[in-house]
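1. I need the structure of the sequence given here:
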Amino acid sequence: MQFTHCARRFPFALALVAMLCMCASAWSRAAEPVPIDDTPQIFVDDELIAAKSDVVRRVHACQKLPKPVLVSENPWEGLPDDRRVYIYGTVLYDPHTHQFQMWYNRLRNLLYATSTDGVQWKRPSLDVIRFQGSGQNNLVLQGLHSPSLVYDQRESDPAKRYKLLGYSGSYRAAYSHDGLHWKMYPKNPVLAGGDNCSLAQDPKSGEFLAFHRIYHTYRGHKRRLVYLATSRDMQQWTEPKLVMAADEIDDQQTQAEGGLWSEFYNMSVFPYAGQWLGLITHFRYSGLPEKEGPQQSKHDGPIDVQLVHSRDGRTWHRLKDRSPVIPNGPYPYDAGCILGVANGPVSVDDQLWLYYTAITTTHGGCLPEKQITIARAAWRRDGFVSLDASQKPGIVETVLLKPTGNRLTINADAAKGRIAVEVLDAQGQPAPGYSRGDCLELTGDSLRHEVSWKEHSTLPPGAIRLRFHLDNTHLYSYRIEAE
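-> A predicted model of the protein is given here:
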């Protein structure tokens, strides 16, 4: 009774007690320090968070350009009537030539384009594949839909530096020395199912991961589902395992919008910040199209893109905030569908750029209204997710860490607020000279706020905890580097 009366009079005291209880529980669970290097620590999960209060994990939608970056311009890209170019594929940046490289597709043809700025793209005349009797085009491979590739820096054979997976009745693998001249592997096909895929490579093990579609009945409906198979050599693959399927929450969202159920059209996956991120295309299936026309699917509904995450690339998790990271609109070119997403972003200065297939209509749209182009999405670096404190000050505290560096920087938007950081010892007490009062508060929006204290510009040696005090702030990531 006395405690309840005190809590009513002093709500801050109750919040502080709750915070201390959370921290005590977390300390008991994570007594051993977690080693971390200078990789940015993002906030898609609570793996390295001991406790948090009055903060909300928020997913951030991308920024878009007013127009697509690549549209059909040539007969081998569908002109004049059937204007459809897709990117299930890959965009890389070559530091030697200072060029962006794009592998995109037109139906079952793989094409190649280059750019110096990532916005204006050129189609080099390659003389690799003949079209209507001429090699003056940018075709590099025929016969595979949804081609996705990786550049394998571990490969000892220069002829196989580029590796590709695509669909032709089943999934087939190819290799190349330059990304332009391709050869099929001796064993093909390598996987069953259809009809699109995304290829990734584990940066730690070198293993290849094929996230591919298998279509079968699941929770009462025949749905598009994402399966994973892995390989060491692109020839021998593990038995595919279901890793991502629409759940009851997805179905409820679709039904609230007048649809029938949800499916995942595909899933693009890439290693990022020491873990893995995935982009699932959420197909809100609504049945047969209302209008019939040429070049049309019998399955209708809108598609947008959500974020998923994993610590190992094999076991995947959804976020509580399922708002799209690539929503439909506001421009007409992707108002109906986002059909496919490149298998990884490109880091450009302080941004992440990701290319995707944009469609003017829903999935069951038809020509001439249905136009399919390639567009670009952009986020700030580490900007997919933040921990936000808005209505009242929030606290985020890490588990016990053992960093290899000693210089703390923060990626955060405190343009309308402020940030302070305490450094705690293994017992959860502020280290001398590193209390909240000692910290020089940070304001403004920066990808690299440098944290310092009255008498220190670097972190103390040994195992530490970080306690972030956030006031009207979006916290995206932190990083501990060598001075």
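2. any weak-confidence spans in the stretch 1-150 of the chain?
-> The stretch 1-150 of the chain contains residues with pLDDT under 70 at 1-30.
3. Which parts of it are helices?
-> 2-9, 11-29 (DSSP state H, counting those that start in this stretch).
4. What is the burial count for residue 461?
-> 8 (other Cβ atoms under 10 Å). C-beta: built from backbone N, CA, C; applies to glycine.
5. give the contact list for residue 39.
-> By Cβ atoms under 8 Å, 6 or more residues apart in numbering, the residues touching residue 39 are 273-274, 479.
6. at 6 Å instead, please
-> 273-274 (Cβ atoms under 6 Å, 6 or more residues apart in numbering).
7. State the distance from it to residue 478.
-> For residue 39, the distance to residue 478 (Cβ to Cβ, to the nearest Å) stands at 11 Å.
8. now residue 74
-> 47 Å.
9. contacting residues for residue 229?
-> Residue 229 neighbours (Cβ under 6 Å, 6+ apart): 191, 210, 237-238, 240.
10. which of the residues you listed tops the neighbour count?
-> When neighbours are counted by other Cβ under 10 Å, residue 210 leads the contacts of residue 229 with 25 neighbours.
11. Name the nearest residue to that one, ignoring sequence neighbours.
-> Nearest non-adjacent residue to residue 210, counting by Cβ to Cβ, 6 or more residues apart in numbering: residue 229, 5.0 Å away.
12. From the chain's centroid, how far away is the host helix or strand of that neighbour?
-> According to DSSP states H and E, residue 229 maps onto strand 221-231. Centre-to-centre, strand 221-231 and its host chain are 18 Å apart (Cα atoms, centre = their mean, to the nearest Å).
13. CA-only coordinates of the helix or strand just after that strand in CSV, if you can.
-> Using DSSP H and E, the next helix or strand after strand 221-231 towards the C-terminus is strand 241-244. Listed next in CSV are the C-alpha coordinates belonging to strand 241-244 (Å, rounded to 0.1, in the frame of the first residue of the first chain):
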residue,chain,number,x,y,z
LYS,A,241,14.5,-25.2,-45.7
LEU,A,242,11.5,-22.8,-45.3
VAL,A,243,12.8,-19.6,-43.8
MET,A,244,10.1,-17.0,-44.5
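14. next structured bit after strand 241-244?
-> helix 248-256.
15. List the buried residues in that following helix.
-> Neighbour-count burial for helix 248-256 flags 250-251, 254 (criterion: 16 or more other Cβ atoms under 10 Å).
16. same check, this time on stretch 272-286
-> Buried residues in stretch 272-286 (16+ other Cβ under 10 Å): 272-273, 275-286.
17. Over to stretch 369-377?
-> Using 16+ other Cβ under 10 Å as the test for burial, stretch 369-377 gives 370-377.
18. From the chain's centre, how far out is that stretch? Work that out for me.
-> With Cα atoms, centre = their mean, you get 19 Å for stretch 369-377.
19. which outside residues touch it?
-> Outside stretch 369-377, the residues within contact range by Cβ under 6 Å, 6+ apart are 62, 65, 68-71, 83-85, 87, 326, 333-334, 353-356, 358-361.
20. rerun that using 7 Å as the cut-off
-> Contacts with stretch 369-377, where a contact means Cβ atoms under 7 Å, 6 or more residues apart in numbering, come from 62, 64-65, 68-71, 83-87, 104, 118, 295, 326, 333-334, 353-361.
21. State the mean pLDDT of that stretch.
-> Summarised as a single mean, pLDDT over stretch 369-377 is 96.
22. swap in stretch 418-433?
-> The average pLDDT for stretch 418-433 rounds to 96.
23. cool, stretch 266-282 as well?
-> 97.
24. Likewise for stretch 241-261?
-> Per-residue scores along stretch 241-261 average to 98.
25. Residue 54 contacts residue 390, correct?
-> No - contact between residue 54 and residue 390 fails when scored by Cβ atoms under 7 Å: they sit 8.9 Å apart.
26. List the contacts of residue 259.
-> 284-286, 301.
27. Helix or strand: which one has residue 166?
-> strand 162-167.
28. could you check the angle strand 221-231 makes with that strand?
-> If you take axes from the mean of the first three to the mean of the last three Cα atoms, to 10 degrees, strand 162-167 sits at 160 degrees to strand 221-231.
29. what about dumping the CA coordinates of strand 162-167 to PDB?
-> Extracted as PDB, the C-alpha positions of strand 162-167 are listed here (Å, rounded to 0.1, in the frame of the first residue of the first chain):
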ATOM      1  CA  TYR A 162      31.400 -14.200 -60.700                       C
ATOM      2  CA  LYS A 163      28.700 -16.700 -59.800                       C
ATOM      3  CA  LEU A 164      25.100 -16.600 -60.800                       C
ATOM      4  CA  LEU A 165      21.800 -18.400 -60.000                       C
ATOM      5  CA  GLY A 166      18.700 -18.100 -62.200                       C
ATOM      6  CA  TYR A 167      15.500 -19.800 -63.100                       C
END
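30. Starting from that strand, tell me the next helix or strand along the chain.
-> Strand 162-167 is succeeded, C-terminally, by strand 171-176 (DSSP H and E).
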